[in-house]
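Asker: Give me a model of this one.
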Amino acid sequence: MPLISEDNSNSDYLNWKEWSIDNFAQLSAFDKRYFDSELKSLPIEDGSPPLQILEIGFGNGKFLQYCVDLGWNITGTEINPLLVQIAKEKGFHAVLSENLLELADEQFDLVVAFDVLEHIPQDKIIFFLTQIKRVLKQDGICLLRFPNGDSPFGLANQNGDVTHVTAIGSEKIKFFASQASLDLITCRGEREPLLEKSLSKTLRKVVSIIFKKIINGFIYLVFYKKRNYCSDNLVVILKKTRA
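Answerer: Okay, the predicted model is just below:
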C-alpha cells in the first residue's frame, strides 16, 4: 500500500504546481543559499568517496541539481511516473517508489524529504521513518521539512495543498522518531537566507526576521517554551545510531 496519496500523480496537480520539463531542476541563487544554510549544520563530512544522498519526493528537481553541482551522488524517488521520466531524461538517477522498498539497506549517508511528511497518513509515518532508517548507513542523517504544526504561521502551508493529510508539531515528531528508533538531533524552524532577488524583498526580509525574533521571544517567555513559533516550516534532523 502506498504511503503517500496518489492524488499528486495526476496532471492537474502538476499543472497547478507549475512543474514541467521546461523548469525541472532550475536552481536559482536563492535556492542554493537556502540549501547551503539548511545543510551547513549537519553532522556529515564531505570527502572521498562522494556522499551518497537520497531525496524522497524530489518534485521539480531543485535539490537533485544542487547535489549534482556539489559532486554528490544523488538518488531521487517519486510516486509520479511523469516526474521520474523527466528526471531520467535530464540525466538524474530517479526511482519510482511509493514506500522505499525498491532501495537496498544502508546505502545513504543522508536522506532528505522536503515537504513530504505532511502527505503521509499519520498511521503510516512510523513505517515511513523505519524505511528511512533501513536505507541509511550507520550514523547516517535524515533531514525532514514540513509545515509547522506548532503555530498558526504553518497553516498556510498545511492547508495550501489538497494532498496534505497530516499536521505535525514538535512533540508529535519526537514520538514518531522514538518509535522508529531514530535519534532526534534537532527540531527547529527552517533557515531564512537574508539575501532575496531584489533589494526591496531583502529589506522586507530583514524587517520580518526582526519582528519574528521579538514575537518568538515573547511567546517563549509568556506562553510556552517554543522558539520556532513564527516559522512557516519545521526542520527535523534525525540520526541512525542503533541497529
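
Asker: got the contact list for the biggest helix by length in the chain?
Answerer: Across the chain, the longest stretch assigned as helix under DSSP state H is helix 199-222. For helix 199-222, the surrounding residues in contact (C-beta atoms under 8 Å, 6 or more residues apart in numbering) are Glu192, Leu194, Leu195, Glu196, Lys226, Arg227, Asn228, Tyr229, Cys230, Ser231. To be clear about C-beta, it is placed using only N, CA and C from the backbone, and glycine gets the same treatment.

Asker: Now which of the residues you listed would you call buried?
Answerer: Among those, those classed as buried by 16 or more other C-beta atoms under 10 Å are Glu196, Lys226, Asn228, Tyr229, Cys230, Ser231.

Asker: isn't there a helix covering the fourth one?
Answerer: No - counting by DSSP: H, G, I helix; E, B strand; the rest coil, Tyr229 is not found in a helix; it is coil.

Asker: What distance do you get for it to Asn60?
Answerer: 29 Å (C-beta to C-beta, to the nearest Å).

Asker: list the buried ones in the longest helix of the chain?
Answerer: For helix 199-222, by 16+ other C-beta under 10 Å, it's Lys212, Asn216, Ile219.

Asker: Could you quantify the relative orientation of the helix or strand where Phe35 lies and helix 199-222 as an angle?
Answerer: Assigned by DSSP states H and E, Phe35 falls within helix 29-39. Per axes from the mean of the first three to the mean of the last three C-alpha atoms, to 10 degrees, the angle that helix 29-39 makes with helix 199-222 is 30 degrees.

Asker: name the helices or strands packed onto the helix or strand where Leu155 lies?
Answerer: Using DSSP H and E, the element containing Leu155 is helix 155-159. With contacts taken as 3 or more C-beta pairs under 8 Å, 6 or more residues apart in numbering; DSSP states H and E, helix 155-159 sits against strand 136-147.

Asker: Now do the strand it packs on against helix 29-39, angle only.
Answerer: Here the directions of strand 136-147 and helix 29-39 differ by 120 degrees (the same axes, to 10 degrees).

Asker: Quick check: buried residues in the helix holding Phe35?
Answerer: The neighbour-count check on helix 29-39 (16+ other C-beta under 10 Å) flags Lys32, Arg33, Tyr34, Phe35, Glu38, Leu39 as buried.

Asker: what about stretch 37-55, average pLDDT?
Answerer: On average, the pLDDT along stretch 37-55 is 88.

Asker: can I get the CA coordinates of that stretch in CSV?
Answerer: Taking Å, rounded to 0.1, in the frame of the first residue of the first chain, the C-alpha atoms of stretch 37-55 are listed here in CSV:
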residue,chain,number,x,y,z
SER,A,37,22.0,27.2,5.1
GLU,A,38,20.0,24.1,5.9
LEU,A,39,22.8,21.6,5.3
LYS,A,40,25.8,23.5,6.7
SER,A,41,24.9,22.5,10.3
LEU,A,42,24.5,18.8,9.5
PRO,A,43,27.0,16.4,11.2
ILE,A,44,28.2,15.0,7.8
GLU,A,45,31.6,15.1,6.3
ASP,A,46,32.1,15.6,2.6
GLY,A,47,35.1,13.9,1.1
SER,A,48,36.1,10.9,-0.9
PRO,A,49,34.2,8.9,-2.0
PRO,A,50,31.4,11.4,-2.6
LEU,A,51,28.4,11.5,-0.3
GLN,A,52,25.5,9.2,-1.1
ILE,A,53,22.3,11.1,-0.9
LEU,A,54,18.6,10.1,-1.2
GLU,A,55,15.9,12.7,-1.8
